[in-house]
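Colleague: based on what follows, work out the 3D shape:
(one chain, ligands or ions: 2)
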Amino acid sequence: MKPIPFSNRYVNLGKDFYARTTPAPVPEPALILFNHVLGDELGLSDTCLNSPEGTAIFAGNRVPDGAAPLAMAYAGHQFGHFNPQLGDGRALLLGQLAGPDGAQFDIHLKGSGRTVFSRGGDGRSALGPVLREYLVSEAMAKLGVPTTRALAAVTTGEAVAREQLLPGGVITRIATSFVRVGTFEYFSSRGDLDAVTKLADYVIEHEYPACCDAPQRYLAWFEAMIDRQAALIAQWMQFGFIHGVMNTDNMSIAGETIDYGPCAFMDHYAHDQVYSSIDQHGRYAYNKQPSIGLWNLTRLAESLLPLLADNTGAAVEAAKAALSNFARLYEGYWLDGMRQKTGLETRLDEDKALIDELFEVMAVNHADFTLTFHFLSGLSIESTDRDINARALFSEPEPFDHWIAQWRARLRREGSDDEARQARMQAVNPVYIPRNHQIEAAIRAAEDHADYSVFHDLHAVLQNPYERQAQKDAYMQPPEPDEVVHQTFCGT
Ligand code: AMP
Ligand code: MG
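Modeller: Ligands and ions are numbered 1, 2, ... in the order given. Got it, this is the predicted structure:
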């Protein structure tokens, strides 16, 4: 068996950045799933992680040779309020290494026990949030959205006390980086400019190497970060994904979706949809995500000011100029993505109005987000024969018929070919997303009956979200009225 080629870098930043912590063992570790495909891609298949010993490692009962487990320090704005000290309270960075392609990645355990950052918490995770994060993060990856990945999930044989006793679990996550906006806020709020600089250099070297030699490297990096976040949030919007808790400690510096808590994909379209039980005022509603992204980036800018120019006035001007690009970048990514979803190849000024109108019609009729675009992908521009499935999603089809007529006219103007357009649209409009009621069913079966078959079946379908699979139509369907999940929970 090959050793895991750890090359831990974060530990070199110095002890202010973390607390070295070993995971707390659990009584009865049992593997639910090891992600073999990801393990292969990362060059981990021939290591102890892909062996019975792997289960002990994923549960925190054994620390593999070469690992340097540590809890990362960070701060964060939670629902707008600054908390100067958060940190990994129930997670650990097990170690860092490079895959066969040379790209660096970090391995994290979540649910691995208490750390100095646990505050009042038990450092544990219930099984439900572990299964939810596994399903949703892997579905996001297969949809093509930048995200942390799930490498393994285990049960612990130990109950965790939430509102009731629940079975415990640990998820092993992979990310390009676990540095967050809140990591910068942690040092900036302490007035530790040396640490802010060190962290920025670390991030640039490992995550933004193209900025290394830029004349104003910190500004160049900040601009690149803005670009990545604009692209990421535009993708969330294109799948009806609601992160649910976009606190600055849950915004990754690498531009990946991170910290799957009360996240959800919406079924029927509502522009201000909220699922998170803790988001009482809708701060992180679906349509607020772009502006919250910008708000978080503004907090990052405040932490970076001393690096952006020689004096505060110039730094503020530079930050403002960079931040002022966010809206344009976001709109551009969003509109291009929506053109792809609606099959438009050329760019016309009128496209935004056409797409906005579709969302308006969807909202009024509570049309299912995913199925609307799925059925739209199969339509012809010359014949209305196949309109029936799409029309059925709209309680009052007339406004939709009106929209479809405009859409067909727009496609005719660019000489759109049915077959080619359908193929393009089907490649970006999924058939399957992890719907809340299906995730809930997977969790219920696992928690209540130790039955993982529902989880495994759902996970298997989500591996190919763009391909209609035989006998899997049930996974396409929105919930029946009695299956609707109205609230999701972060499970902390
Ligand atoms: P989250 O809502 O998962 O982003 O977590 C916010 C903060 O609370 C982070 O610092 C977590 O480490 C911490 N936290 C969440 N749940 C627990 C727990 N069960 N035990 C200790 N710390 C926790
Ligand atoms: Mg978090």
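Colleague: which ones are touching the spatially most central residue of the chain?
Modeller: Residue closest to the average C-alpha location in the chain (CA atoms, centre = their mean): T257, at 2.7 Å. Contacts for T257 (CB atoms under 8 Å, 6 or more residues apart in numbering) come out as S137, M140, V145, P146, T147, T148, L232, W236, H243. Heads up, the C-betas are built off the backbone N, CA and C, glycines and all.
Colleague: quick one, grab the pLDDT at it.
Modeller: pLDDT for T257: 98.
Colleague: any idea what it is bridged to?
Modeller: T147 (DSSP bridges).
Colleague: roughly how far does it sit from Q289?
Modeller: According to CB to CB, to the nearest Å, T257 and Q289 sit 11 Å apart.
Colleague: need the contact list for the closest residue to A103 other than its chain neighbours.
Modeller: The shortest distance from A103 to any non-neighbouring residue, by CB to CB, 6 or more residues apart in numbering, is to T176 (7.6 Å). T176 sits next to A103, Q104, F105, D106, E207, S252, A254, E256 when contact means CB under 8 Å, 6+ apart.
Colleague: next one: E207
Modeller: Residues near E207 by CB under 8 Å, 6+ apart: T176, S177, V179, I253, A254.
Colleague: identify those among those that sit within helices.
Modeller: Using DSSP state H, no member of the contacts of E207 falls in helices.
Colleague: wait, which of those residues is closest to ligand 1?
Modeller: Lowest distance from ligand 1 to the contacts of E207 (CB to the nearest ligand atom) belongs to V179, with 14.2 Å.
Colleague: which residues touch that closest one?
Modeller: Contacts for V179 were tallied using CB under 8 Å, 6+ apart; they are M72, L199, Y202, V203, E207, S252, I253, A254.
Colleague: among the residues you listed, which lie within strands?
Modeller: If you go by DSSP state E, those have M72 in strands.
Colleague: mind checking which of the contacts of T176 are buried?
Modeller: Among the contacts of T176, the ones that count as buried by 16 or more other CB atoms under 10 Å are F105, D106, E207, S252, A254, E256.
Colleague: need the residues you listed in JSON lines (columns: distance to D448).
Modeller: JSON lines is the format used below for the buried ones among the contacts of T176 (distance: CB to CB, whole Å):
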{"residue": "F105", "distance to D448": "35"}
{"residue": "D106", "distance to D448": "34"}
{"residue": "E207", "distance to D448": "41"}
{"residue": "S252", "distance to D448": "33"}
{"residue": "A254", "distance to D448": "37"}
{"residue": "E256", "distance to D448": "32"}
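Colleague: what's the farthest-apart pair in these?
Modeller: The most widely separated members of the buried ones among the contacts of T176, counting by CB to CB, are F105 and S252 (12.8 Å).
Colleague: which neighbours do those two share?
Modeller: A175, T176.
Colleague: circling back: the residue nearest to the centre of the chain and V245, how far apart?
Modeller: For T257, the distance to V245 - CB to CB - is 12 Å.
Colleague: same thing with L193?
Modeller: Using CB to CB, L193 is found at 29 Å from V245.
Colleague: re the thing from before, between the contacts of E207, which sits nearest ligand 2?
Modeller: Checking these against ligand 2 with CB to the ion, the nearest one is V179 at 12.7 Å.
Colleague: and this protein, which residues reach ligand 2?
Modeller: N250, D259 (CB under 5 Å from the ion).
Colleague: residue ranges with poor pLDDT in the chain?
Modeller: For the chain, applying pLDDT under 70 flags the ranges 492.
Colleague: scan it for its longest strand.
Modeller: The chain, longest strand under DSSP E: strand 149-161.
Colleague: close to ligand 1, is it?
Modeller: No: counting by CB under 6 Å from any ligand atom, ligand 1 has no neighbours in strand 149-161; the shortest distance is 7.7 Å.
Colleague: for W334, which residues are in contact?
Modeller: Contacts of W334 by CB under 8 Å, 6+ apart are A234, M237, Q238, P290.
Colleague: at 10 Å what do you get?
Modeller: By CB atoms under 10 Å, 6 or more residues apart in numbering, the contact list for W334 reads A230, A231, I233, A234, Q235, M237, Q238, P290, K352, I355.
Colleague: and the residue lying closest to the second one once chain neighbours are set aside, what element?
Modeller: Distance criterion CB to CB, 6+ apart; nearest residue to A231, sequence neighbours excluded, is Y333 at 4.9 Å. Secondary structure assigned from DSSP states H and E places Y333 in helix 326-342.
Colleague: output that helix as PDB, restricted to C-alpha atoms.
Modeller: Output in PDB follows, covering the C-alpha atoms of helix 326-342 (Å, rounded to 0.1, in the frame of the first residue of the first chain):
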ATOM      1  CA  PHE A 326     -19.100  42.500  -9.300                       C
ATOM      2  CA  ALA A 327     -22.600  43.400 -10.600                       C
ATOM      3  CA  ARG A 328     -21.400  43.500 -14.200                       C
ATOM      4  CA  LEU A 329     -19.400  40.200 -13.900                       C
ATOM      5  CA  TYR A 330     -22.300  38.500 -12.200                       C
ATOM      6  CA  GLU A 331     -24.900  39.700 -14.700                       C
ATOM      7  CA  GLY A 332     -22.600  38.600 -17.500                       C
ATOM      8  CA  TYR A 333     -22.100  35.100 -16.100                       C
ATOM      9  CA  TRP A 334     -25.800  34.800 -15.200                       C
ATOM     10  CA  LEU A 335     -27.000  36.000 -18.700                       C
ATOM     11  CA  ASP A 336     -24.600  33.700 -20.600                       C
ATOM     12  CA  GLY A 337     -25.700  30.800 -18.400                       C
ATOM     13  CA  MET A 338     -29.300  31.500 -18.900                       C
ATOM     14  CA  ARG A 339     -28.800  31.900 -22.700                       C
ATOM     15  CA  GLN A 340     -27.300  28.400 -22.600                       C
ATOM     16  CA  LYS A 341     -30.300  27.100 -20.600                       C
ATOM     17  CA  THR A 342     -32.700  28.500 -23.100                       C
END
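Colleague: for Y10, grab phi and psi.
Modeller: Backbone torsions of Y10, given as degrees, to the nearest 10, read phi -60, psi -30.
Colleague: from the contacts of W334, pick the one nearest ligand 2.
Modeller: Nearest member of the contacts of W334 to ligand 2, counting by CB to the ion, is I233, at 17.3 Å.
Colleague: confirm that closest one sits in a helix?
Modeller: Yes: using DSSP: H, G, I helix; E, B strand; the rest coil, the assignment for I233 is a helix.
Colleague: now do the end-to-end distance for stretch 410-418.
Modeller: End-to-end distance of stretch 410-418 (CA to CA, to the nearest Å): 13 Å.
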